[in-house]
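Asker: Got a sequence here, can you model it:
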Amino acid sequence: MSPLDASVRPENPPVPRMPDELKADAVVIGAGPNGLILAAYLARAGARVVLLERRYEIGGGLATEEVIFPLYYANTHATYHMMVDYMPVLSDFDLQRHGLMFLKPNAQTGIVFRDGRSILLSRMVSETVDSIARISPRDAKTFEKIIRTYTRMVDEIVGPGTYYQPLPPVDLSIRLSRTEIGRALLEISEQSPREIIEDTFTDPRVKALFLYISCMWGLDPGEAGLGFMVPLLICRGMNKCLCLGGSHKFAGVLAKEVITNNGLILDNAEVTNIIVNGGKVEGVETFDGRIIRTATVASSLDPQSTFLRLVGEENLPEDLVSYAKRWKWDKWSLFTVHCALEEQPRLKTDDRAVDQAFMNIIGFEDIDEVLAYFDGLRNGEMTGMRGHTTVETLYDPTLTRIKGKHVAFFQIPAPYDLKGGWERGHKENEEKALGVWQSYTENLSRENIIAVSSETPVDIERRIACMVKGSIKHGDYSPVQMGYYRPNDLCSTTSTPITGLYLCGASVYPGGLIIGGPGYLAANRICEDLQLKKWWTMPAKIRRYVEEYVH
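Answerer: Below is the predicted model of the structure:
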């Protein structure tokens, strides 16, 4: 008798089913980095937490996937972790005990020019000064002086301020004016990235390096009002970390903290409705009709998804509806070409140390080319293929199972609304990008390339729906959408005009790029409102900032 005969098969076991209605102390929408951080804090504080994720995979931007070729893994979103030195979640949970490790290479960011000359920014200031001096001795001396000031700005104010609730602009200005370094930060904040770089350095190639670092994540080179981010992005551009074993490891250990403290994580659980009655949250409903009753909901989604789609205009005050409708997405997104390689690419450069850099910028000869490129993005154009490359396996060999092979990418700032469209221009632009990358290397021949996979801004939006138009930060970085105004002055402290509704994603202060601030700040606020005991204490750097600039 056939083993497939129904008469001898055991009866099919019943399929486990979640109850149609659950109760929770808090529901968190979105299991990206901030949603995971918030849920972990609340769960350890004793709250019954349910974390809901639309996709089958948790982590959001903390993704490491086998997208290139079998046994080759790429970090498909977050690669550079810039705020590891400041993020409270790492020490509060002692995540290292789970095997989470961040590496900080000494060779951080290089730029290679067409004639083979180069500049290399290292963690060691003296090495960076020496490298800049090979191009411009005058700028090397300037950098040596200015980096001390920038480091103080970041270490004393901008870094710790990332993990404390924002102050209204007038109040913040008054407090910053108390100190010399605070006044210096206020002065630079009124300038545009271009003004700061042009006023500081003289050589066009040095200017190109520092302007690209300042603007690669979305700052408009000519827009004034966010100059405080230039010192932050330059300093952290010299202190980037990578997550050993892939960025998904960070998501994994956070999920472990949620589960071991009796939290519940549900994937394939898209929320379709935040239930509001009389201006108060009463729960959420998922796409399959399940109801989770709770008086506390935190959304890590963008403002339009949270307010207009899930809460509904009929349940919102008029000014909040207006704010949500005016929300602007990122000025540009990213086009990334991932490669599985036979060997590490070697750049055509006069300094072999550049091959060891965590990131290398290619395609720009001077500041004018940087400015022209970003101008083109606003018009849906990519004027050539210019951006930055990283060999991920240089410092994390676990990303391939094949010994001696490599994984690398070329990442290019790119418009979502590309002229001609991405569907038609995807492969064409992939080939162009490979051609530019090959022109800067000695050995990136076709024989060296095992396989290629690329991701467009449209692909980003398809994968993570709240990254509308490929907005990797869930919304533009501009003066009217940053600080106390991110996403608006009604919601920037994570609470909202709807009782029991909170925001905890990249579209709320302090913003995106896997810095963990929104989730951490929401955890503090919700624990206070629910009168849960905070099991964590304020880190010393944040406490000093509060004593100096808040009280």
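
Asker: Could I get the full set of helices for the stretch 301-450 of the chain?
Answerer: Counting by DSSP state H, counting those that start in this stretch, the stretch 301-450 of the chain has helices at residues 303, 318-325, 367-378, 422-439.

Asker: buried ones in the second one?
Answerer: To tie it back to what came earlier, the one meant is helix 318-325. Leu320, Val321, Tyr323, Ala324 (16 or more other Cβ atoms under 10 Å). Heads up, the C-betas are built off the backbone N, CA and C, glycines and all.

Asker: pretty sure the second one contacts Glu313?
Answerer: By that I understand Val321. Yes. Val321 sits in contact with Glu313 when judged by Cβ atoms under 8 Å, with a separation of 5.1 Å.

Asker: Compute the first-to-last residue distance for stretch 77-89.
Answerer: By Cα to Cα, to the nearest Å, the extent of stretch 77-89 from end to end equals 20 Å.

Asker: what's around Asn488, how many residues?
Answerer: Counted with other Cβ atoms under 10 Å, the neighbours of Asn488 add up to 20.

Asker: again with Val391
Answerer: Counted with other Cβ under 10 Å, the neighbours of Val391 add up to 21.

Asker: That one - nearest residue in space that isn't next to it in sequence?
Answerer: The shortest distance from Val391 to any non-neighbouring residue, by Cβ to Cβ, 6 or more residues apart in numbering, is to Ala408 (4.3 Å).

Asker: how close does that neighbour sit to Leu444?
Answerer: 9 Å (Cβ to Cβ, to the nearest Å).

Asker: quick one, what contacts Ile526?
Answerer: Applying Cβ atoms under 8 Å, 6 or more residues apart in numbering, we find Ile526 in contact with Ala26, Leu38, Leu42, Thr296, Ala298, Thr494, Tyr502, Leu532.

Asker: how close does Leu244 sit to Gln411?
Answerer: In terms of Cβ to Cβ, Leu244 sits 20 Å off from Gln411.

Asker: same check, this time on Thr398
Answerer: 21 Å.

Asker: how about the strands of the stretch 151-300 of the chain, start to end?
Answerer: Ranges of strands within the stretch 151-300 of the chain are 242-243, 264-266, 271-277, 280-286, 291-293, 297-299, based on DSSP state E, counting those that start in this stretch.

Asker: Same list (the ones you listed) but as a markdown table, adding distance to Tyr164 and mean pLDDT.
Answerer: Shown next, in a markdown table, are these (distance: least, Cβ to Cβ, whole Å; pLDDT from 0 to 100):
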| stretch | distance to Tyr164 | mean pLDDT |
| --- | --- | --- |
| strand 242-243 | 25 | 98 |
| strand 264-266 | 28 | 97 |
| strand 271-277 | 27 | 98 |
| strand 280-286 | 25 | 98 |
| strand 291-293 | 31 | 98 |
| strand 297-299 | 18 | 98 |
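
Asker: Quick one: closest of these to Ala31.
Answerer: Set against Ala31 and scored by Cβ to Cβ, the strands of the stretch 151-300 of the chain come closest in strand 264-266, at 6.3 Å.

Asker: helices and strands around that closest one, which ones?
Answerer: strand 49-52, helix 248-260 (3 or more Cβ pairs under 8 Å, 6 or more residues apart in numbering; DSSP states H and E).

Asker: Please enumerate residues in contact with it?
Answerer: 18, 24, 31, 39, 49-53, 58, 255, 258-259, 286.

Asker: Now the buried members of the residues you listed.
Answerer: Buried among the contacts of strand 264-266 by 16+ other Cβ under 10 Å: Ala24, Ala31, Ala39, Val49, Val50, Leu51, Leu52, Glu53, Ile58, Ala255, Val258, Thr286.

Asker: In this structure Ile472 contacts Gly61, no?
Answerer: Yes. In this structure, Ile472 is within contact of Gly61 by Cβ under 8 Å, at 7.3 Å.

Asker: Please enumerate the shared neighbours of the two.
Answerer: Going by Cβ under 8 Å, 6+ apart, residues that sit against Ile472 and also against Gly61 are His77.

Asker: ok, those two, which is more surrounded?
Answerer: Remark: of Ile472 and Gly61, Gly61 carries more neighbours, 25 against 21, as counted by other Cβ under 10 Å.

Asker: mind listing what that one touches?
Answerer: With Cβ under 8 Å, 6+ apart, Gly61 has these contacts: Gly32, Pro33, His77, Ala78, Ser247, Ile464, Ile472, Ile514.

Asker: Run a quick neighbour tally on the fifth one.
Answerer: In terms of burial, Ser247 registers 24 neighbours under the definition other Cβ under 10 Å.

Asker: wait, it sits on Glu65?
Answerer: No. Using Cβ under 8 Å, Ser247 is not in contact with Glu65; the gap is 10.1 Å.

Asker: Overlap in contacts, those two.
Answerer: What both Ser247 and Glu65 touch, as defined by Cβ under 8 Å, 6+ apart, is an empty set.

Asker: re the thing from before, identify, from the contacts of Gly61, the entry nearest to Met385.
Answerer: Of those, the one sitting nearest to Met385 (Cβ to Cβ) turns out to be Ile472, at 18.9 Å.

Asker: For the protein, which residues score under the pLDDT cut-off?
Answerer: Scanning the chain for pLDDT under 70 picks out 1-19.

Asker: Identify the spatial nearest neighbour of Asp199, chain neighbours not counted.
Answerer: Gln191 (7.7 Å).

Asker: Neighbours of the one you found, how many?
Answerer: So Gln191, with other Cβ under 10 Å, has 18 neighbours.

Asker: cool, and Gly218?
Answerer: There are 24 residues near Gly218, going by other Cβ under 10 Å.

Asker: Quick one: residues contacting the residue nearest to it when sequence neighbours are not counted.
Answerer: Distances taken as Cβ to Cβ, 6+ apart put Tyr477 closest to Gly218, at 4.7 Å, once the chain neighbours are dropped. Contact partners of Tyr477, counting by Cβ under 8 Å, 6+ apart, are Trp217, Gly218, Leu219, Leu226, Met229, Asp330, Gly511.

Asker: which SS class is Tyr477?
Answerer: coil (DSSP: H, G, I helix; E, B strand; the rest coil).

Asker: For it, give its distance to Pro518.
Answerer: 14 Å.

Asker: Report the spatially nearest residue to Ala251, omitting neighbours in sequence.
Answerer: That would be Gly59: by Cβ to Cβ, 6+ apart, it lies 3.2 Å from Ala251.
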